[in-house]
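> sequence and predicted model, in that order:
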Amino acid sequence: MSTPHKPTVALLIETSRAYGRDLCLGIAEYARGHGEWNFLIEERDLRGGIPEWLKTWDGDGILCRLADPELADLLADAPCPVIDIYGQVQHPRIPFLDTDPDAVADMAARFFVNATFSNFAFCGFPGLWFSDGRSQSFQKAIRRLGSEVIIYEPPHSWSSLDVARREALHPDGSKELEAWVKALPDNTAILACNDVRAQQLLKVAMRIGRRVPEELAVMGVDDDELLCELTNPRLTSIHPDTRTLGYTAAHWLHLLMEGRTLPYQSLLIPPLHITERASTDTIASDDEIFVTALRYIRNHAHEGIDAKNVIQQVGRSRSTLENRFRNYLGRSIKDEITRSRLARSLILLRETNMTLQQVANACGFATASHFCRMFKQAEGVTPGAFRSAHARDK
């Protein structure tokens, strides 16, 4: 009996950061469930050029992150199928997947608005495609809410499209960035294009005496745990669904290696969640009564509190406090308690194997049926369907 053929797949994916490593883990997970693949992988960065071995390589498929048009042209003519997990070049003959910039922006905007910020800013690396895309998406998301975004615009343009070079050019932030941060009004929520840019912002803020999160809140994208934990204060960041990106890219490659067609030629996958850390741990309001009440809800909603408990905590009449919540958030005290409980349930459904009853209890819902009803109303799907859609991350 002949031994089944094991595909040999080359990974042209940088592994220096969590994003690339998690893509590889998603790819490995798919491969384990489909007869095991043999992998060729080398340490590289996004603009590592064309590997010499690739010109004569005789494998079954290639998964890559394309930032080099010359490499894209070479791979488009390769004798084996190729999938891009980056989306910068978008070669017409190479299918691609990437994180959805609109979904990233919407997630950040909702978070900032729920924290009652009224000033918004974006800081990126102007000229880099992913940064410009996230900037445009964030501006659209905030404009839908009736506000504008303060954009960091350096006094001169950069010709380099090398992400690593731009990130390393001013590792502690430039004088221009200092001036921009200094001019921001208090209670400004800043979305950075990635965690590296957010880290630079935090260094600049500390150097010029802007307090984070008391005066400025900062959020990154990519949720690279090492970078986020090494910042001061620790960095809140949007966690992309890189495992699903890698898994789906591997599935697409498998289809092509079997001579089948793809469902579509491109796919944008939304991020999973926001990992909250100290850089956004504030409520942007000078109303001490409202801030006390909102912080109490966020710290105790999972304990089964109700509006009466919140009112007792602040020592004001119900009508006074309800008016403040309607004014700042556009919803009632009860609705904010429910929102906080559901936000906690999303994390537990994604990251644990707790039963629905256990999740309901841990979030402060009286019964599993009440939890399921409120979840479906808010998310449009049942808790079970939501968990199934995110099951590979456990």
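Alright, I've got the coordinates.
> what about Ile83, which SS state?
Under DSSP: H, G, I helix; E, B strand; the rest coil, the three-state class of Ile83 is strand.
> shouldn't it be in contact with His91?
No. If you go by CB atoms under 8 Å, Ile83 and His91 don't touch, sitting 11.2 Å apart. From N, CA and C alone the C-beta is placed, and that goes for glycine too.
> neighbour count winner among the two?
Neighbour count, other CB atoms under 10 Å: between Ile83 and His91, Ile83 has more, with 26 against 17.
> what sits against that one?
61-64, 94-97, 249, 252-253, 256 (CB atoms under 8 Å, 6 or more residues apart in numbering).
> partner residues bridging it?
Taking DSSP bridges as the rule, Ile83 bridges to Leu63.
> and it, what pLDDT?
The pLDDT attached to Ile83 in the predicted structure is 97.
> for it, give its distance to Leu253.
Using CB to CB, to the nearest Å, Ile83 is found at 5 Å from Leu253.
> overlap in contacts, those two.
Contact criterion CB under 8 Å, 6+ apart; residues shared by Ile83 and Leu253: 61-63.
> counting neighbours, what do you get for the nearest residue to Leu226 once chain neighbours are set aside?
Counting by CB to CB, 6 or more residues apart in numbering, Ala18 is the residue found nearest to Leu226 once chain neighbours are left out, at 7.1 Å. Using other CB under 10 Å, Ala18 has 20 neighbouring residues.
> ok, now which ones touch Ala18?
Residues near Ala18 by CB under 8 Å, 6+ apart: 222-226, 242.
> for the residue nearest to the spatial centre of the chain, helix, strand, or coil?
Nearest residue to the geometric centre of the chain (CA atoms, centre = their mean): Ile238, 3.0 Å. Under three-state DSSP, Ile238 falls in the strand class.
> quick one on the thing from earlier: a markdown table please, covering the contacts of Ala18 and showing secondary structure.
Formatted as a markdown table, these follow (three-state DSSP):
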| residue | secondary structure |
| --- | --- |
| Asp222 | coil |
| Asp223 | coil |
| Asp224 | coil |
| Glu225 | helix |
| Leu226 | helix |
| Thr242 | helix |
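> list only buried entries from those.
Taking 16 or more other CB atoms under 10 Å as the criterion, what is buried in these is 222-224, 242.
> of all those, which two lie farthest apart?
Maximum pairwise distance among these (CB to CB): 10.5 Å, between Asp224 and Thr242.
> what do those two both touch?
Listed contacts common to Asp224 and Thr242 are 18-19; contacts here mean CB under 8 Å, 6+ apart.
> end-to-end on stretch 36-53?
End-to-end distance of stretch 36-53 (CA to CA, to the nearest Å): 23 Å.
> for that stretch, which positions count as buried?
Buried positions in stretch 36-53, judged by neighbour count with 16+ other CB under 10 Å: 37, 39, 44-46, 48.
> next: stretch 344-364.
Buried positions in stretch 344-364, judged by neighbour count with 16+ other CB under 10 Å: 344-350, 356, 359-364.
> avg pLDDT for it?
Taken as a whole, stretch 344-364 has a mean pLDDT of 87.
> got phi/psi on Glu36?
Glu36 adopts backbone torsions of phi 70, psi 140, taken as degrees, to the nearest 10.
> which residues touch the residue nearest to it when sequence neighbours are not counted?
In this structure, Glu36 finds its nearest non-sequential neighbour in Lys6, 5.8 Å apart by CB to CB, 6+ apart. By CB under 8 Å, 6+ apart, the contact list for Lys6 reads 35-38.
> which secondary structure state does Lys6 sit in?
Per three-state DSSP, the local secondary structure of Lys6 is coil.
> quick one: it from Trp37, how far?
The gap separating Lys6 from Trp37 is 6 Å, by CB to CB.
> what of Phe120?
Between Phe120 and Trp37 the distance is 44 Å, computed by CB to CB.
> quick one: the helices in the stretch 201-350 of the chain?
225-230, 242-257, 288-300, 307-314, 318-328, 333-351 (DSSP state H, counting those that start in this stretch).
> could you name the helices and strands sitting against the last one?
Counting contacts by 3 or more CB pairs under 8 Å, 6 or more residues apart in numbering; DSSP states H and E, helix 333-351 is packed against strand 273-275, helix 288-300, helix 307-314, helix 318-328, helix 356-363, helix 368-379, helix 383-389.
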